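Peer 1: mind folding the following:
(chains A and B)
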Amino acid sequence: GAVVSQHPSWVICKSGTSVKIECRSLDFQATTMFWYRQFPKKSLMLMATSNEGSKATYEQGVEKDKFLINHASLTLSTLTVTSAHPEDSSFYICSARDLSLGDNEQFFGPGTRLTVL
Amino acid sequence: GENVEQHPSTLSVQEGDSAVIKCTYSDSASNYFPWYKQELGKRPQLIIDIRSNVGEKKDQRIAVTLNKTAKHFSLHITETQPEDSAVYFCAATRRTAGNKLTFGGGTRVLVKP
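Peer 2: Next up is the predicted model:
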């Protein structure tokens, strides 16, 4: 149980285009999902907390108009990188909490590697 | 907010030896401390975690210790094997912070056969 999927697993796009990444909890309901980005050989940096049915909470320094987050259901959150630029190239990982477990553990998706040309 | 420091950044050990990674945290209210193993291009995988009401936890070759007073926790891997080679991250969080994880900088472990 507690499986999180992400789609796509990798994407290459041209500068200026928008890219949508999906994060799904496959076998549990997730009222809260988290979005991270990870640069090569670096740690995971939290970008935002996605709450089902409400606006996402962004970490300091993360542009909410550039990284649009939508959490429309208890099993799906999407991250849209708008007007992508080469510096947005990174590994984007989502995680989700299983509310029924009532504890802190987060389950991570497999990540999406974004390359902006 | 929380700040987590992790040392060392790289660790090379001979197969069969032990590996120890140390982390310190700044928020005394943090109460959950997971450790993750991440292989290149893959998702972080939880290998062990500890809560603030426990001082030590062990799972086969892996153990974690927590010193709340000093605000540090450590990962111990015994009898290391080549498949233990990966990047390891510590993290800290507390429920009242929305369970947001703050990660350490990571330790690249290389187990030499």
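Peer 1: gap between the residue lying farthest from the centre of chain B and A:Asp98?
Peer 2: Ranked by distance from the centre of chain B (C-alpha atoms, centre = their mean), the top residue is B:Pro113, with 22.8 Å. Using C-beta to C-beta, to the nearest Å, B:Pro113 is found at 38 Å from A:Asp98. (Glycine included, C-beta is placed from N, CA and C.)
Peer 1: any chance you could map the strands in chain B?
Peer 2: For chain B, the strands defined by DSSP state E cover B:4-7, B:10-14, B:19-25, B:32-38, B:45-51, B:56-59, B:62-67, B:72-77, B:86-92, B:102-103, B:107-112.
Peer 1: my bad, chain A
Peer 2: A:4-7, A:10-13, A:19-25, A:32-38, A:44-51, A:57-58, A:67-73, A:76-81, A:90-97, A:106-108, A:112-116.
Peer 1: quick one, what contacts the residue nearest to B:Ser12 when sequence neighbours are not counted?
Peer 2: In space, and not counting its chain neighbours, B:Ser12 is closest to B:Leu110: 4.7 Å by C-beta to C-beta, 6 or more residues apart in numbering or on different chains. Applying C-beta atoms under 8 Å, 6 or more residues apart in numbering or on different chains, we find B:Leu110 in contact with B:Thr10, B:Leu11, B:Ser12, B:Val13, B:Ser85.
Peer 1: can you pull up the bridge partners for the second one?
Peer 2: For B:Leu11, the beta-bridge assignment (DSSP bridges) gives partners B:Val109.
Peer 1: and it, how far is that from B:Thr80?
Peer 2: 10 Å.
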